[in-house]
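K.L.:
model this:
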Amino acid sequence: MVELRVKDGIAGIFLNRPEKSNALNSALLEELLSVLKEIAASPGLRVVVLGGNGKSFCGGADVAEMSQLKPSTAKKFITRIHLCCDAIRKLPVPVVARLHGVVIGAGLELAASCDLRVAAEGTRFAMPEVKLGIPSVVEAALLPRLIGAGRAAWLVLTGEAIDARTALEWGLVEELAPDLDQGIEVLLERLKAADRSALSAQKRLLQLWEEAPLTRAVAESTRIFARAYASGEPGERMRKLRR
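P.N.:
Numbering: from 1, shown residues only. So this is what the prediction gives:
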């Protein structure tokens with residue numbers, strides 16, 4: 001239910017349950033978490049692309065399984081979603097979400113956990129949990145950081161969908177691509193041109209900036225900046241610019 005493609009330092013992870021719009025059930029979530037842990041330790045990894053096979057990225061959590069949950073099992077199910085989102089955020093390289101079709105509920109939480117999001121024209125985004133009698137939880141908490149408190153509130157309180165253009169205007173996605181594969185390829189080339197260690201450090205700092213007080217964020221940034229020179233890579237790259 002998860003397809004892994006690895007080539008030239010790029011790992012493509014594709015949700016592979018297209019007959020169910022890649023709805024997330026326990027089996028898929030466990031397999032996704034296993035794949036994420038596997039590639040986290042891959043030497044030479046530079047970028048990860050998270051996508052979905054078929055007509056959509058992800059239709060959300062599997063309603064058939066969710067309808068059978070009880071208080072004793074609901075926490076375990078939602079924790080699986082959180083663990084996958086957390087593993088995406090902890091990958092040591094940039095993660096790009098390749099979005100098309102529908103991006104709903106837990107699927108949007110997976111996308112929000114990525115570092116950058118590229119969407120095809122016509123993609124629809126929604127957090128409809130309140131219409132099912134449950135709140136949006138776990139990595140839905142990232143939404144106010146991405147799009148602001150008011151827009152996040154609109155998504156999770158109304159449960160209504162927005163289109164790709166609105167998602168771009170709100171900052172939910174960074175780019176719309178008329179040709180999704182081409183748009184992803186252009187972005188990957190930009191990321192591959194950067195130093196791998198610098199990208200990894202920058203990803204950690206972005207997450208620190210989200211959560212830490214300003215004083216700590218600045219102090220940690222200063223420490224990481226100085227440490228970057230230990231490899232000699234910054235000096236070499238700068239000397240090449242002067243030639």
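K.L.:
helices and strands around the longest helix seen in the chain, which ones?
P.N.:
In the chain, with assignment by DSSP state H, the single longest helix is helix 71-90. When contacts are defined as 3 or more CB pairs under 8 Å, 6 or more residues apart in numbering; DSSP states H and E, helix 71-90 packs onto helix 26-40, helix 106-113. In short, each C-beta sits where N, CA and C put it, glycine included.
K.L.:
how far out from the middle of the chain is the next helix or strand along the chain from that helix?
P.N.:
Going down the chain from helix 71-90, the next helix or strand is strand 95-99, by DSSP states H and E. Here strand 95-99 is found 6 Å from its chain centre; the criterion is CA atoms, centre = their mean, to the nearest Å.
K.L.:
for the following helix or strand past strand 95-99, name the packing helices and strands.
P.N.:
Remark: after strand 95-99, the chain's next helix or strand is strand 102-104, criterion DSSP H and E. With contacts taken as 3+ CB pairs under 8 Å, 6+ apart, strand 102-104 sits against strand 124-126.
K.L.:
so for the strand it packs on, mean pLDDT?
P.N.:
For strand 124-126, mean pLDDT rounds to 98.
K.L.:
ok, stretch 192-210 next?
P.N.:
Stretch 192-210 comes out at a mean pLDDT of 95.
K.L.:
outside of it itself, list whatever touches it.
P.N.:
9-10, 46-47, 89, 92-94, 115, 145, 191, 216-217, 220-221, 224, 228, 231, 233-234, 237 (CB atoms under 8 Å, 6 or more residues apart in numbering).
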